[in-house]
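A.B. asks: Structure, please.
(chains A and B)
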Amino acid sequence: MSTFIKDYIDREVMTRRKLLLAGAAGMATLAAPAIFGRGQARAALTDPAIAWSYRDRASAYWNAVVSGGEAFVESIGRSKSDMVNLISEGSSEKSLADIKAFLAKTGGNCAIACDPNDSPNARPVVEAVQAAGAYISTIWNKTDDLHPWDFGDNYVSHMTWSDEQPSEQTARILFEAMGGKGGVVHLGGIAANNPAVERLAGLQNALKDFPEIELLDAQPADWDTTKAAELMSSFLTRYGDRITGIHCAADNIAYGVIEALRAEGITDMPIVAYDGNPEAVKLVMDGQLLATVFTNPYWGGGISAALAYHAAIGTFKPSEEPQEHREFYGPTVLITQKDAAEFKAQYLDATPAYDWTNFWGPSNGQIQYR
Amino acid sequence: MKLTRENVIRWAPALVLLGLVVLFAAINPAFLSQRNLARIALASTPAMMVALGVTFIIVMGSIDLSMEGVVSLCAVLFCLLFLRLGGSLGAGAWLAIPAILLCGAFFGWLTGMVHVRLQIPSFMASLAMGFVGTGAAVLVTGGDIVRIEDDVFRALLTWRILGFPLMVYIAAALVLLAWFIQNHTTLGRNFYAVGGGEELAHASGVNVRRVRLAGFALAGVFYAIAAIFQVARLGQAESVTGANLMFVAITSVVVGGVALWGGIGGVLNAVVGVLIVNVIGNGMVVIGLPNYLQDGLLGVLVIIAVVLSTDRRLVSFAK
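C.D. replies: Residues are numbered from 1 along each chain as shown, chains lettered A, B, ... in the order given. Sure, this is the predicted structure:
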């Protein structure tokens, strides 16, 4: 027998042995929580580790979410770095794997805030957290049939934002600036994204009350500034002067639109945006944008971590809270040229000091399913 | 010029471009308006610079996937430096331009070092360095957007000569420069020597390692120029400024007829390729194609363009 084949067989035998051992170890860890009783093992944790699981920090939006989480962690006397960043990079598999690793590392003594990246991923994430006896609050993504109250105390809360109503409001502001007539184009987010769908739906609701306004075109700009600039210049070729107003699904898109128009020497086009980023608020103050909508991601990031943490240490018992405290809409603030300066002073120039135990104050009612 | 197989293949990318232009113009004549051509040219400039840079690498038979990170990092550093130096081109902020070109060259050289010294395939080395670039961009901005409001700098976008923005002319000049480097410098010829057969080049006395390092550094300079154009076009930089450039640049280069296995094609192929991709993107909206068909059609058109414009008989198998 050649040494190669011999080595190969030896190695395979070793691997199989290791696999069996690892399997046995895995079964033991699975069994361990069961011995102590699932879920009810610990009513409250002491000094749980805190983690935020999200896509990545490159966008202004997620940066604000994570900054809010860090502000909460500092408010309880820990340092920023005590909040563990679980970065999913847009992969649901990585999101779930990282959370499982974190649960294993902390032995379930942890509180997690999480955007599960896509809706179907929420269930395995929540089930893993419950099995480990840890606590979790989610934002944005979950399926309609998944509810925190079906998981006792471990699935503390879910927060999302309804964009249809605010988007309708920005559309009305736009149409009034257009004098109630003319042609509008919509530059949207990634077509299948829920916020993109809702923001377009808001525009369409408003159109019903303005029969003299025509929706010339609505196409996805993928939340991307560069793509928005290119799409806008293609719209200009196709529709030219018929475009008298522009409805953007996000601030990032509006930046690209404004620059595409600037390249053509157009500076007086009515434009509305969404997200309330600091740059967009400045553009509203300068008159380059009519309106944008602020969803306070900073508060959302902080309060999600706070809810999970306080449920974990037993400040409140989630299962004793009403359903509107378990599933609720986040805040939305419409910013127009009238109130932009005031908004900037209140939210941007100074970061408001939030009371991270006022869990539901700025929220916007229980989530409605259609 | 005789109608031989070689000649058809050489001119195929240009014919594909011409065919697309005729097709879109037939459906909507506004496509050929001067203003729309200026829009296509403007949209092409940053991608064009990235494509020029990566062409040198692909001709060498390597690949560079670091462009998104490098462009993001250079764009962000450029904005920050520009603001630090006074925020106006007249007031000394022009120094940010040579500084950022050096920065691009350095980053490219670093990618080359990782590839050559550590013997990591260029695919993996450059992809990893791209992530490093994006990460560094997040680090310096903290996720925020950096805006440049200087009207003098923005003249790259707003100042038009014969209907085309200034940056389009600068891009054209840089295409000439890249073409000159490729055809009339030792370095440019060495790229082909390495791409055509590394062992042969080595045996003939070419310092292959040095050529590779120079190639990556040169590509880095072009990525830095792309970053400056992106900032000029959008007036801002953030850690996702370079997003999508990888797909557009690599697709363009391949569609233009540069072979991914090295040694074939060049700068002019990349130029035609970038124009093809941008003409498709603009044309699909201008003719009113429903958006749910656009991505699919882009994929199909890219495949057709590659089939028509590369001589696949030269390779035994595709990998």
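A.B. asks: ok, now how distant is the closest residue to chain A within the stretch 101-250 of chain B from B:Ser72?
C.D. replies: Residue nearest to chain A within the stretch 101-250 of chain B: B:Gly143 (2.8 Å; Cβ to the nearest Cβ). Where C-beta positions appear, they are placed from N, C-alpha and C, glycine not excepted. To B:Ser72, B:Gly143 is 12 Å away according to Cβ to Cβ, to the nearest Å.
A.B. asks: what touches both of these two?
C.D. replies: Counting by Cβ atoms under 8 Å, 6 or more residues apart in numbering or on different chains, the common neighbours of B:Gly143 and B:Ser72 are B:238-239.
A.B. asks: shouldn't A:Asn117 be in contact with A:Ser88?
C.D. replies: Yes: when contacts are counted by Cβ atoms under 8 Å, A:Asn117 is listed as touching A:Ser88 (5.1 Å).
A.B. asks: ok, then the element right after the host helix or strand of B:Leu18?
C.D. replies: According to DSSP states H and E, B:Leu18 maps onto helix B:5-27. Using DSSP H and E, the next helix or strand after helix B:5-27 towards the C-terminus is helix B:34-59.
A.B. asks: circling back to that earlier point, give the contact list for the residue of the stretch 101-250 of chain B closest to chain A.
C.D. replies: The contact partners of B:Gly143, taken as Cβ under 8 Å, 6+ apart, are A:57-60, A:62-64, B:238-239.
A.B. asks: at 7 Å instead, please
C.D. replies: Shown in contact with B:Gly143 (Cβ atoms under 7 Å, 6 or more residues apart in numbering or on different chains): A:57-60, A:63, B:239.
A.B. asks: what does A:Met285 give?
C.D. replies: By Cβ under 7 Å, 6+ apart, the neighbours of A:Met285 are A:340-341, A:344.
A.B. asks: Now render these as a markdown table, adding distance to A:Tyr135, secondary structure and pLDDT.
C.D. replies: Converted to a markdown table, the contacts of A:Met285 look like this (distance: Cβ to Cβ, whole Å; DSSP: H, G, I helix; E, B strand; the rest coil; pLDDT from 0 to 100):
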| residue | distance to A:Tyr135 | secondary structure | pLDDT |
| --- | --- | --- | --- |
| A:Ala340 | 38 | helix | 94 |
| A:Ala341 | 40 | helix | 93 |
| A:Lys344 | 36 | helix | 92 |
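A.B. asks: out of those residues, who's near chain B?
C.D. replies: Among these, no residue sits close to chain B (Cβ under 7 Å from any Cβ of the partner chain).
A.B. asks: if we take those residues, which one ends up nearest to chain B?
C.D. replies: Closest approach to chain B among the contacts of A:Met285 (Cβ to the nearest Cβ): A:Lys344, at 15.2 Å.
A.B. asks: Tally up the residues packed near the closest one, please.
C.D. replies: 17 (other Cβ atoms under 10 Å in any protein chain shown).
A.B. asks: Hmm, it is touching A:Glu279, no?
C.D. replies: No: contact criterion Cβ atoms under 7 Å: A:Lys344 and A:Glu279 do not qualify, at 11.3 Å.
A.B. asks: Tell me who's in contact with A:Pro278.
C.D. replies: Neighbour list for A:Pro278: A:Leu348 [criterion: Cβ under 7 Å, 6+ apart].
A.B. asks: should've said A:Gly302
C.D. replies: A:Gly302 sits next to A:68-69, A:71-72, A:354, A:356 when contact means Cβ under 7 Å, 6+ apart.
A.B. asks: Which of those fall in helices?
C.D. replies: Judged by DSSP state H, helices contain the following of the contacts of A:Gly302: A:68-69, A:71-72.
A.B. asks: Enumerate every residue touching B:Phe56.
C.D. replies: B:Phe56 touches B:191, B:215, B:218-219, counting by Cβ under 7 Å, 6+ apart.
A.B. asks: Strands of chain B, residue ranges please.
C.D. replies: B:146-147, B:160-161, B:164-165, B:236-237 (DSSP state E).
A.B. asks: what do you get for the stretch 151-300 of chain A?
C.D. replies: Taking DSSP state E, counting those that start in this stretch, the strands of the stretch 151-300 of chain A run over residues A:155-160, A:182-188, A:213-220, A:243-248, A:271-272, A:291-294.
A.B. asks: out of the ones you listed, nearest to chain B?
C.D. replies: Closest approach to chain B among the strands of the stretch 151-300 of chain A is made by strand A:213-220 (4.4 Å; Cβ to the nearest Cβ).
A.B. asks: strands paired with the closest one, and their directions?
C.D. replies: Partners of strand A:213-220 in the sheet, by DSSP bridges, are strand A:182-188 (parallel).
A.B. asks: got the angle for the partner strand vs strand A:243-248?
C.D. replies: Angle of strand A:182-188 versus strand A:243-248, following axes from the mean of the first three to the mean of the last three Cα atoms, to 10 degrees, is 30 degrees.
A.B. asks: Name the surrounding residues that touch strand A:182-188.
C.D. replies: Contact with strand A:182-188 is made by A:174, A:196, A:199-200, A:203, A:213-221, A:228, A:231-232, A:235, A:239, A:242-249, A:253, A:257, as judged by Cβ under 7 Å, 6+ apart.
A.B. asks: From the residues you listed, keep the buried residues only.
C.D. replies: Burial by neighbour count, 16 or more other Cβ atoms under 10 Å in any protein chain shown: within these this picks out A:174, A:196, A:199-200, A:203, A:213, A:216-221, A:228, A:231-232, A:235, A:239, A:243-249, A:253, A:257.
A.B. asks: overlap in contacts of A:Asn117 and A:Ser88?
C.D. replies: With Cβ under 7 Å, 6+ apart, A:Asn117 and A:Ser88 have common neighbours A:55, A:95.
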